[in-house]
Structure formats: structure tokens, C-alpha cells
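1. Structure for this input, please:
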Amino acid sequence: EAMTDNSGLEQFILLARNQKNRACVALIQQVLSSRKIFVFGELLALENIASLRGTEHEPHLELLELFAYGKYSDYASRSNLPALSEPMLLKLRKLTVCSLAHQQRVVPYATLQRELGMEDSSVRALEDILIECMYGGLIKAKLDQRGQRLLVSFAKARDVRPEDLDSMIEKLTHWCDAAGAVSRGVQDKMGFLAARFEAEAKLAEDHDERIRANTDAFIKQVEQEGG
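-> Residues are numbered from 1 along each chain as shown. Purely as a prediction, here's the structure:
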């Protein structure tokens, strides 16, 4: 399930259709600061937003793309992107948690601290972010404080790069084919078991019928001999 807040996102999409240049930059900043919006694909698809590429405002477009597809470590490795406000930084760290939770079901705190750029922060500060992710419905997980790790059972999906769609569709197609083969195998097995059960039931019925016939014949013979 993708991370969406349709009402909030739709509001910004409607605004973006009538904005250009600096106004689009201001809108991007609002979206990235919003506490509710965690998907950005529809916004990136808008012509007015895409038209920032090749202009002085392109770094803001690249920042939006990073929030859609990237992690905090990607931001930290680039020097040309705009500075993050505190709300933006928190959101990017939450998005990074979602990515890590998709990649592995047991995520060590050390990995989280490194990927979130929190090596110098306390464990409590890290856990506060993880708890916010859980309360916000971004992940379902447990904090293993003794083992210093996050135990993940569910994480919401992030945006998919357009160039990755074909690969994802191919993977889903292979999964459906495999699931179909398993389903057909189960059905064949059930059909075999049903036929076997029916055959064994028929044998049991024939056996009972022979016993009744033999018993009736024996009783009849005894009666004749006694008469």
C-alpha cells in the first residue's frame, strides 16, 4: 500500500497546475514540509513541475525527486541541493526508515543511525522517530531495545521511478504466473484426492454389499438346513 494522503496531495496538484518557476519552488517546499504527504509521483508528473529542469530552480526539482525515491544518505552525499528545514529533515528520515524496512525485516539500530545521519544522536532520539513512523502508519514494527534492532512486519510502499515500472511489472507478472502454477497444482492435488476418496468409498461400499450378500446367503442356507 502506497503512502498517500489524497486530499492533501490533490490540493497541491491543483495549485501546481497554475504555478510556474518560483511559485512552483514555494509549492515544493510546502509539500516537503507537510506532515501528511509522503508520496510525490503525481506532483512530479506535472508539466509545470517538470519544466523546472534546466532552470536555476532545478535543484528544488531534484530535491523533490530525492524525497520521492531516495534516502537521507543520498541527500548527505550531494552538495548542490537546497537546505532542509527541520520538518523536511524529519520527513526524509521517516522515508528512509520506510525504505530500510522494505529491504530487511530486521534492521539494526546501527544501520538506522548511519542511514539517517544520526550516529552522534542518542538511541532515544532514534526511537522517537521510529515510534512516530509507527503511530503515523508508515510501518508496523516492534522495538527490540535489548537487541538494539527494529523488527518489521509491514512497511508502506514509496514512489516508483518511471524507469523501474517495466521491471516491477515483469516481477509482478512472474509472481502471478508462479502463484497460478501453485494454484493449479493445488487444484490438481485436490482433484486427485477427491477421485481417490470417491474410489475408496466405492470399494468400501462394494465390500459392505458383499458382506451383506454373503450374510444373507449364509442365513438363508442355515434356515433351509434347519427346516
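
2. need the helices for the chain, in chain order.
-> For the chain, the helices defined by DSSP state H cover 6-16, 22-33, 41-44, 47-50, 58-69, 72-76, 86-103, 109-115, 123-135, 165-226.

3. I'd like those laid out as JSON lines, including mean neighbour count.
-> In this view, the C-beta of every residue, glycine as well, is placed from N, C-alpha and C. Converted to JSON lines, the helices of the chain look like this (neighbours: other Cβ atoms under 10 Å):
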{"stretch": "helix 6-16", "mean neighbour count": "15"}
{"stretch": "helix 22-33", "mean neighbour count": "18"}
{"stretch": "helix 41-44", "mean neighbour count": "18"}
{"stretch": "helix 47-50", "mean neighbour count": "16"}
{"stretch": "helix 58-69", "mean neighbour count": "19"}
{"stretch": "helix 72-76", "mean neighbour count": "16"}
{"stretch": "helix 86-103", "mean neighbour count": "19"}
{"stretch": "helix 109-115", "mean neighbour count": "17"}
{"stretch": "helix 123-135", "mean neighbour count": "15"}
{"stretch": "helix 165-226", "mean neighbour count": "10"}
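
4. can you tell which of those helices is closest to residue 144?
-> With Cβ to Cβ, the closest approach to residue 144 among the helices of the chain belongs to helix 109-115: 8.9 Å.

5. what's next to that closest one, contact-wise?
-> 71-73, 96-97, 100, 118-119, 121, 123, 126, 130, 148-150 (Cβ atoms under 8 Å, 6 or more residues apart in numbering).

6. now, which of the residues you listed sits nearest residue 81?
-> residue 72 (11.7 Å).

7. That closest one touches residue 96, doesn't it?
-> Yes: Residue 72 lies in contact with residue 96 (Cβ atoms under 8 Å); the separation is 4.6 Å.

8. who touches both of these two?
-> Joint contacts of residue 72 and residue 96 (Cβ under 8 Å, 6+ apart) are 115-116.
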